[in-house]
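Chemist: Sequence below, structure please.
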Amino acid sequence: MNRRVVRLLVTGRVQGVGFRAFVEDEANLLALDGWVRNRRDGTVEALVAGPADQVEALIAAARRGPPASRVETVNVENADAVELLGRKGFLTLPTA
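Modeler: Numbers count the residues shown, from 1 in each chain. Below is the predicted model:
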């Protein structure tokens, strides 16, 4: 399996519009591991792990966002799986 781990940083109108729930729902549909959270600077951050094609599908979904959002940028960086701390599944974390 070609597993990929990435960190997403999403800017735009992405807080208060259901963006985290949207990402969590999409990630769970794609059977990905990781988390999503708001950041105090107004961005949304996610750590996503799974098969490369499923991760790419989540990145595409993040670029669309839910209807009330207005995504400006989605920065994608390769990340280290150790940041998942062995966590399975996908969840929303508190604001950081």
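Chemist: in the top strand by length along the chain, what's buried?
Modeler: Scanning the chain for the strand with the most residues, using DSSP state E, yields strand 3-13. If you call a residue buried by 16 or more other Cβ atoms under 10 Å, then strand 3-13 has these buried ones: Arg4, Val5, Val6, Arg7, Leu8, Val10, Gly12. (C-beta placed from N, C-alpha, C; glycine too.)
Chemist: As CSV, the residues you listed with distance to Gly50 would be great.
Modeler: Formatted as CSV, those follow (distance: Cβ to Cβ, whole Å):
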residue, distance to Gly50
Arg4, 7
Val5, 8
Val6, 10
Arg7, 14
Leu8, 13
Val10, 18
Gly12, 24
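Chemist: what about Gly12, distance to Arg87?
Modeler: 27 Å (Cβ to Cβ, to the nearest Å).
Chemist: so Val44 makes contact with Val14?
Modeler: Yes: Val44 is in contact with Val14 according to Cβ atoms under 8 Å; the separation is 4.7 Å.
Chemist: Now for the residue nearest in space to the middle of the chain: which residues touch it?
Modeler: The chain has Ala46 as the residue nearest its centroid, 3.6 Å off, counting by Cα atoms, centre = their mean. Residues counted as contacts of Ala46 (Cβ atoms under 8 Å, 6 or more residues apart in numbering) are Arg7, Leu8, Val10, Val23, Ala27, Gly34, Trp35, Val36, Arg37, Ala62.
Chemist: For Ala79, state which of those is nearest.
Modeler: Nearest to Ala79, judged by Cβ to Cβ, of the contacts of Ala46 is Arg7 at 4.3 Å.
Chemist: OK, contacts around that closest one?
Modeler: The neighbourhood of Arg7, defined by Cβ under 8 Å, 6+ apart, consists of Glu45, Ala46, Leu47, Val48, Val76, Glu77, Asn78, Ala79, Glu83.
Chemist: Please tell me how far the residue lying closest to the last one once chain neighbours are set aside sits from Gly18.
Modeler: What sits nearest to Glu83 in space, not counting adjacent residues and going by Cβ to Cβ, 6 or more residues apart in numbering, is Leu47, at 5.8 Å. Distance from Leu47 to Gly18, counting by Cβ to Cβ: 20 Å.
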